[in-house]
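Student: Task: produce atomic coordinates for the following.
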Amino acid sequence: MNIDEKAHQTIAKLLHMTVKGEIDWSRFTDTRLLTYGTDDVVQVGYKTALADNYFAIYEVRYQTMDDGENVYWNDRIVLKIIDVEGMPVWEFPNSPQLRALLSKVQAQAAGVESKLDKILKL
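Tutor: As a prediction, this is how the structure comes out:
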């Protein structure tokens, strides 16, 4: 199995474990290390630790230019292995599962399910 296959399986595993509540993600707003040396914009990120590895997932916004002179914003979801200080070590290849993972992570970190349960009990 090559590294891309392992990466995609790891993304699927993180998604599965997040949905099952087997890993906890925490929100962070100091994203400078994630964007160091770039013009990228990251408002918030989420991190977790699993099997002595640290992961960060976030949406990055960046400016692009079309064939003319039109500049516009684009975005993508990024998952990285980070070190204990938060410095990126390796970026996972793009995957359609990343958007689903980020959505689940955001909901979990915000405690959305318990908040909705409280409202439904009223």
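Student: Which residues are in contact with the spatially most central residue of the chain?
Tutor: By C-alpha atoms, centre = their mean, the chain has its centre lying nearest to Ile57, at 1.6 Å. Residues near Ile57 by C-beta atoms under 8 Å, 6 or more residues apart in numbering: Trp25, Gly45, Tyr46, Lys47, Ile77, Val78, Leu79, Lys80, Leu98, Leu101, Leu102, Val105. Just so you know, the C-beta spots here come from the backbone N, C-alpha and C atoms, and that holds for glycine as well.
Student: who touches the helix or strand containing the last one?
Tutor: Element membership for Val105, per DSSP states H and E: helix 97-110. Contacts of helix 97-110 with the rest of the structure, by C-beta under 8 Å, 6+ apart, involve 8, 11-12, 14-15, 18-19, 21, 24-27, 46, 57-59, 77-79, 92, 112-113.
Student: rewinding a little: which one of the contacts of Ile57 is nearest Ile119?
Tutor: Among the contacts of Ile57, Val105 lies closest to Ile119 (C-beta to C-beta), at 21.6 Å.
Student: related to what we said a few turns ago, please report phi then psi for the residue nearest to the centre of the chain.
Tutor: phi -130, psi 140 (degrees, to the nearest 10).
Student: how much space is there between it and Asp24?
Tutor: Noted for Ile57: a distance of 13 Å to Asp24, by C-beta to C-beta, to the nearest Å.
Student: before we move on, the earlier item: okay, the helix holding Val105 in PDB with CA atoms only?
Tutor: Listed next in PDB are the C-alpha coordinates belonging to helix 97-110 (Å, rounded to 0.1, in the frame of the first residue of the first chain):
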ATOM      1  CA  GLN A  97     -13.800  13.100   2.800                       C
ATOM      2  CA  LEU A  98     -12.000  16.100   4.200                       C
ATOM      3  CA  ARG A  99     -15.100  18.400   4.000                       C
ATOM      4  CA  ALA A 100     -17.200  15.800   5.800                       C
ATOM      5  CA  LEU A 101     -14.500  15.400   8.500                       C
ATOM      6  CA  LEU A 102     -14.200  19.100   9.000                       C
ATOM      7  CA  SER A 103     -18.000  19.400   9.400                       C
ATOM      8  CA  LYS A 104     -18.100  16.600  12.000                       C
ATOM      9  CA  VAL A 105     -15.100  18.100  13.800                       C
ATOM     10  CA  GLN A 106     -16.700  21.600  13.900                       C
ATOM     11  CA  ALA A 107     -19.900  20.200  15.300                       C
ATOM     12  CA  GLN A 108     -18.100  18.100  17.900                       C
ATOM     13  CA  ALA A 109     -15.800  20.800  19.100                       C
ATOM     14  CA  ALA A 110     -18.800  23.200  19.500                       C
END
